[in-house]
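Undergrad: give me the fold of what follows.
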Amino acid sequence: MTPDQRKAAVAAYKERKSPAGIFAVTCAATSERWIGCAPDLDKIQNRLWFTLRQGGHRRGGLQAAWTAHGAEAFSLDVIETLDEETLDYVRDRVFAERQAHWCAVHGAEAI
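TA: You can find the predicted model right below:
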């Protein structure tokens, strides 16, 4: 790869659009679910798993389940992706509404 190709690849990576949306974290051992929202669904699992491994997640129930059952018992699934144009103006409101909807549908706790 030439230096120009490398620069172009790095620039393209930085300018890429990451999907925003709603995700679910599920504990297979207990069937518990937690619903969250993220402006960058591509990176949320790494961020969330890191916080849980460190023992510092703000949701005590999720952290307790993680500590009791370990990383192997957990999965993260994207439930809904949100349109970028909609999010430009009313992101916080849309995130809150959709997160509340999916919490009700799944009987889950918000994270």
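Undergrad: for residue 17, helix, strand, or coil?
TA: Classification of residue 17 using DSSP: H, G, I helix; E, B strand; the rest coil returns coil.
Undergrad: that one contacts residue 84, correct?
TA: Yes. With contact defined as Cβ atoms under 8 Å, residue 17 and residue 84 form a contacting pair (6.5 Å). In short, each C-beta sits where N, CA and C put it, glycine included.
Undergrad: okay, the two: which has more neighbours?
TA: Set residue 17 next to residue 84 and count neighbours by other Cβ atoms under 10 Å: residue 84 wins out with 12 against 7.
Undergrad: tell me which residues are up against the helix or strand where residue 53 lies.
TA: Assignment of secondary structure by DSSP states H and E places residue 53 within helix 41-54. Contact partners of helix 41-54, identified using Cβ atoms under 8 Å, 6 or more residues apart in numbering, comprise 18-21, 23, 25, 36, 38, 57, 62-63, 66, 71, 74, 76, 78, 81, 111.
Undergrad: of those residues, buried ones?
TA: 20-21, 23, 25, 36, 38, 57, 62-63, 66, 74, 76, 111 (16 or more other Cβ atoms under 10 Å).
Undergrad: taking these one by one, which sit in helices?
TA: 62, 63, 66 (DSSP state H).
Undergrad: can you tell me how far the second one sits from residue 17?
TA: For residue 63, the distance to residue 17 under the criterion Cβ to Cβ, to the nearest Å works out to 32 Å.
Undergrad: do the same with the first one
TA: Taking Cβ to Cβ as the measure, residue 62 and residue 17 are separated by 29 Å.
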